[in-house]
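In: Fold the following for me, if possible:
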Amino acid sequence: QVQLVESGGGLVQAGGSLRLSCAASGRPFSNYAMGWFRQAPGKERDFVAGINWNGDSTDYVDSVKGRFTISRSNAKNTVYLQMNSLKPDDTAVYYCAAERFVGPIHTTWNQYPYRGQGTQVTVSS
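Out: Numbers count the residues shown, from 1 in each chain. This next block holds a predicted model:
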């Protein structure tokens with residue numbers, strides 16, 4: 001089992017920045033690919049960014065490319081999502097997810113068996 005706890009969400013004005021963190025516990029973190037997903041009110045939960053087990057491969061949804069950066073510290077058992085140039089459309093609950101997998105980054109929520117509880121990000125215009 002892997003337990004995931006997100007932090008760093010909040011209220012920010014458009015154009016501002018936030019850094020989300022996801023702390024993992026329970027199993028060797030370095031064996032797991034990590035993903036960030038988000039769900040806005042009334043919408044489905046969508047893939048935002050993913051990083052492979054050793055951090056040398058990342059993937060992003062087109063809408064956040066150039067603005068968001070996913071990274072990880074296996075020494076700290078933590079994955080990060082740096083979000084810059086935030087827009088009101090980025091408002092959502094952001095979830096961290098993990099899967100024990102060393103292949104290509106998956107972009108579907110159901111492929112990640114371990115999930116956090118989410119952290120709210122609100123971007124005001």
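In: From here on, just use CA atoms for contacts and neighbour counts.
Out: Noted.
In: Run a quick neighbour tally on residue 85.
Out: Residue 85 has 15 neighbours, counted by other Cα atoms under 10 Å.
In: Pick out the residue nearest the middle of the chain.
Out: Closest to where the C-alpha atoms of the chain average out (Cα atoms, centre = their mean) is residue 36, at 2.3 Å.
In: where does this structure have low pLDDT?
Out: The model of the chain has no residue with pLDDT under 70.
In: Show me the helices in it, by range?
Out: Assigned by DSSP state H, the helices in the chain number zero.
In: what are the ranges of the strands in it?
Out: Ranges of strands in the chain, per DSSP state E, are 3-7, 10-13, 18-25, 33-39, 45-51, 58-60, 68-73, 78-83, 92-99, 114-115, 119-124.
In: Serialize those to a markdown table and add fields for distance to residue 106.
Out: Shown next, in a markdown table, are the strands of the chain (distance: least, Cα to Cα, whole Å):
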| stretch | distance to residue 106 |
| --- | --- |
| strand 3-7 | 18 |
| strand 10-13 | 27 |
| strand 18-25 | 18 |
| strand 33-39 | 8 |
| strand 45-51 | 7 |
| strand 58-60 | 9 |
| strand 68-73 | 14 |
| strand 78-83 | 16 |
| strand 92-99 | 9 |
| strand 114-115 | 13 |
| strand 119-124 | 21 |
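In: I'd like to know which of those strands lies nearest to residue 107.
Out: strand 45-51 (5.6 Å; Cα to Cα).
In: Given the closest one, what are its sheet partners and their directions?
Out: strand 33-39 (antiparallel), strand 58-60 (antiparallel) (DSSP bridges).
In: Tabulate these (CSV), appending distance to residue 89.
Out: Formatted as CSV, these follow (distance: least, Cα to Cα, whole Å):
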stretch, distance to residue 89
strand 33-39, 11
strand 58-60, 16
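In: So which of those is nearest residue 101?
Out: strand 33-39 (5.8 Å).
In: The closest residue to residue 61 other than its chain neighbours - how many residues pack around it?
Out: Excluding the flanking residues, the one nearest residue 61 by Cα to Cα, 6 or more residues apart in numbering is residue 48, at 5.3 Å. Counted by other Cα under 10 Å, the residues lying close to residue 48 total 23.
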